[in-house]
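>>> Need coordinates for the following:
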Amino acid sequence: MRFIKEHSDLPVPRVFAYEVDDKNLVGAAFILMELLPGSVAMDALGGYEVHRGVIPRKYRENFYRSVAKCHVQLTSLRLPKIGTIVRNCEGGYDCGPLPGIGGPFDTATAFFEAWADSVKFKWDKERIMNMMQRGPIPGEKMVEIIENFPSQLKAMASRLSTCNEGPFPLTHDDFLHSNIMVDEGSFDVTGIIDWEGACTVPCELVAFPDFLTAMPVSFDLPQKYDRHGQPLDEELQEVWRERGDYIEMVRSMEHADSLLSTCLSSKKIQAIAYSYGAYTSVGKLGFYDRVIKELDVLG
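Numbering: from 1, shown residues only. Here you go, the predicted structure:
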């Protein structure tokens with residue numbers, strides 16, 4: 001948070017003091033930081049009980065535009081390595097290891113290889129088999145798909161990134177409307193909170209805010225799309241339209257470079273980013289094998 005505050009205009013709380021363990025006068029880990037104005041977007045205007053976790057339509061365009069402005073600034077913060085942000089003894093900032101993976105990493109290739117060697121899927125074989133009892137393919141096949149994905153991704157790690165040696169952009173690990181504060185009158189962003197998962201990542205993991213997440217076609221059931229690859233579901237059609245609008249908002253705010261809009265527009269990058277998150281954080285069952293084939297075709 002201090003790194004972000006010192007290097008951008010992003011609305012993050014100012015940190016006054018902190019201790020990361022209980023070896024201090026108060027006997028507990030703590031953080032003292034600035035109180036930001038507004039409410040988290042998820043809770044604004046009646047919250048989940050009224051809007052079911054969806055941004056009210058009349059505020060959506062302004063909210064998305066305000067988030068896009070923040071997103072551009074966030075992605076413009078870059079460091080030479082992939083990892084967490086740590087303070088060095090000179091008072092500057094370096095990259096440290098990523099929990100469960102290691103590092104820091106000098107290249108995107110090294111990161112993806114280390115991820116493949118260390119990742120554990122959320123569900124075991126028995127749970128996957130139970131979840132697939134009424135699935136579109138046999139449970140054994142889904143287990144095989146899930147077990148093979150890390151090694152398949154590792155095999156193509158050296159071909160995944162178009163910016164293998166960085167510098168690497170900063171990302172918020174949970175960039176959604178429960179961590180974005182807004183003014184309830186306009187839905188302009190007044191703050192972004194919960195930065196504990198922030199880190200620099202390969203460009204291939206730069207993704208949409210979570211409230212605009214959509215599966216790649218290759219990951220999803222084929223029968224949900226027409227012969228042109230367009231979604232049949234009206235709600236998903238709307239998400240696709242909003243994603244396109246968001247990309248245009250990002251483009252209109254980019255100045256130094258177009259990294260964010262390029263990543264969001266790339267079918268390949270978004271397939272990698274979605275599959276990585278689905279496998280690592282969610283434990284989502286899906287056609288990871290078809291994603292691998294798509295990545296192979298896209299080069």
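
>>> Look up how far Asp9 lies from the nearest residue to Ile180 once chain neighbours are set aside.
Nearest non-adjacent residue to Ile180, counting by CB to CB, 6 or more residues apart in numbering: Ala41, 5.1 Å away. C-beta coordinates here come from the backbone N, C-alpha and C atoms, glycine included. Applying CB to CB, to the nearest Å, the value for Ala41 to Asp9 is 20 Å.

>>> Does anything pack onto the lowest-mean-pLDDT helix or strand in the chain? Which helices or strands?
Least confident helix or strand, the chain: helix 48-51 with a mean of 86, by mean pLDDT, DSSP states H and E. For helix 48-51, there is no helix or strand it packs on, judged by 3 or more CB pairs under 8 Å, 6 or more residues apart in numbering; DSSP states H and E.

>>> can you pull the buried residues of that helix?
Using 16 or more other CB atoms under 10 Å as the test for burial, helix 48-51 gives His51.

>>> does Ser218 sit in a helix, a strand or a coil?
Secondary structure, DSSP: H, G, I helix; E, B strand; the rest coil: Ser218 is helix.

>>> That one contacts Asp289, correct?
No: look at Ser218 against Asp289 with CB atoms under 8 Å: they stay out of range, at 9.1 Å.

>>> Touching the least confident helix or strand of the chain from outside, list them.
Contacts with helix 48-51, where a contact means CB atoms under 8 Å, 6 or more residues apart in numbering, come from 42, 45.

>>> hang on, the earlier thing: between Ala41 and Asp9, who's got more neighbours?
Ala41 (28 against 10; other CB atoms under 10 Å).

>>> any idea how far that one lies from Ser66?
10 Å.

>>> Kindly report the same for Leu221.
34 Å.

>>> The two: which is more packed in?
Ser66 (22 against 13).

>>> In a helix, the more buried one, correct?
Yes: according to three-state DSSP, Ser66 belongs to a helix.

>>> what's the distance between it and Tyr59?
Distance from Ser66 to Tyr59, counting by CB to CB: 10 Å.

>>> Now for the two: what residues contact both?
Counting by CB under 8 Å, 6+ apart, the common neighbours of Ser66 and Tyr59 are Phe187.

>>> about what we covered before: what is in contact with Ala41 and Ser66 at once?
182, 187.

>>> Low-confidence stretches in the chain?
Nowhere does the chain drop to pLDDT under 70.

>>> in it, which spans are helices?
2-7, 48-51, 57-76, 108-118, 125-131, 139-155, 157-160, 234-253, 259-265, 267-277, 288-298 (DSSP state H).

>>> Including distance to Val20, could the ones you listed go into TSV?
Below are those laid out as TSV (distance: least, CB to CB, whole Å):
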stretch	distance to Val20
helix 2-7	13
helix 48-51	32
helix 57-76	23
helix 108-118	23
helix 125-131	34
helix 139-155	31
helix 157-160	33
helix 234-253	34
helix 259-265	31
helix 267-277	27
helix 288-298	36
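
>>> Would you mind telling me which of those is nearest Asp188?
helix 57-76 (4.9 Å; CB to CB).

>>> Buried residues of that closest one, list them for me.
59, 62-76.

>>> And for it, what's in contact with it?
4, 8-11, 41, 45, 55, 169-172, 175, 180, 182, 186-189, 192, 206, 209, 212, 242, 245-246, 249-250, 253-254, 256-257, 259-260, 263.

>>> Just the buried ones from those residues?
4, 10-11, 41, 55, 169-172, 175, 180, 182, 187-189, 192, 206, 209, 212, 242, 245-246, 249-250, 254, 259-260, 263.

>>> what's the neighbour count on Gly185?
Count around Gly185 with other CB under 10 Å applied: 10.

>>> I should have written Leu35 there, sorry.
7.

>>> OK, contacts around the closest residue to it other than its chain neighbours?
In space, and not counting its chain neighbours, Leu35 is closest to Pro13: 7.4 Å by CB to CB, 6+ apart. Contacts of Pro13 were listed using CB under 8 Å, 6+ apart, and they are 1, 33-36, 191, 193.

>>> Can I have the buried ones of these as a PyMOL selection?
In PyMOL, this line selects whichever of these come out buried by 16+ other CB under 10 Å:
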select buried, resi 1+36+191+193
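
>>> Farthest pair within the contacts of Pro13?
Met1 and Leu35 (13.9 Å).

>>> Show me the contact partners of stretch 228-239.
212, 214, 217, 224-226, 240.

>>> which of those residues lies closest to Ile128?
Looking across the contacts of stretch 228-239 and measuring by CB to CB, the closest to Ile128 is Lys224, at 21.3 Å.

>>> Alright, I will stop here.
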